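Peer 1: Based on what follows, work out the 3D shape:
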Amino acid sequence: MAVPQNRVTRSKRNMRRAHDALSAANPNECPSCGELKRPHHVCPSCGHYADREIVAQSTEIDLDDDAA
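Peer 2: Residues are numbered from 1 along each chain as shown. Below you'll find the model as predicted:
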């Protein structure tokens with residue numbers, strides 16, 4: 001079983017973790033609607049990707065009363 005030979009100080013531990021921080025996302029503006037979206041992904045608000053409509057967005061949702 002592995003047991004550390006010497007204690008790792010807080011300073012050495014934190015210096016090792018100095019590069020583990022998460023980087024922030026870099027959202028881009030959608031050319032069709034202007035909302036922020038992830039690069040190289042379909043826009044979640046309008047459904048466009050590279051000036052083409054990929055996902056059709058429905059404006060009204062029909063829910064049957066007896067479907068629940």
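
Peer 1: can we go C-alpha only for contacts and neighbour counts from here?
Peer 2: Noted.

Peer 1: Contact partners for E29?
Peer 2: Shown in contact with E29 (CA atoms under 8 Å, 6 or more residues apart in numbering): E35, L36, K37.

Peer 1: got it, and H40?
Peer 2: Counted by CA under 8 Å, 6+ apart, H40 has contacts Y49.

Peer 1: how about the helices of this protein, start to end?
Peer 2: Secondary structure of the chain (DSSP state H): helices at 10-16.

Peer 1: count of neighbours near the residue lying closest to V55 once chain neighbours are set aside?
Peer 2: With CA to CA, 6 or more residues apart in numbering as the criterion, V55 has its nearest non-adjacent residue at 4.7 Å, and that residue is G47. By the criterion of other CA atoms under 10 Å, G47 has 18 neighbours.

Peer 1: from what I can see G47 touches H41, true?
Peer 2: No - using CA atoms under 8 Å, G47 makes no contact with H41, being 9.6 Å away.

Peer 1: quick revisit: out of the contacts of E29, which are buried?
Peer 2: K37 (16 or more other CA atoms under 10 Å).

Peer 1: Can you flag which of the contacts of E29 belong to strands?
Peer 2: L36, K37 (DSSP state E).

Peer 1: Let me have the contacts of E29 in a markdown table, adding pLDDT as columns.
Peer 2: Shown next, in a markdown table, are the contacts of E29 (pLDDT from 0 to 100):
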| residue | pLDDT |
| --- | --- |
| E35 | 93 |
| L36 | 94 |
| K37 | 93 |
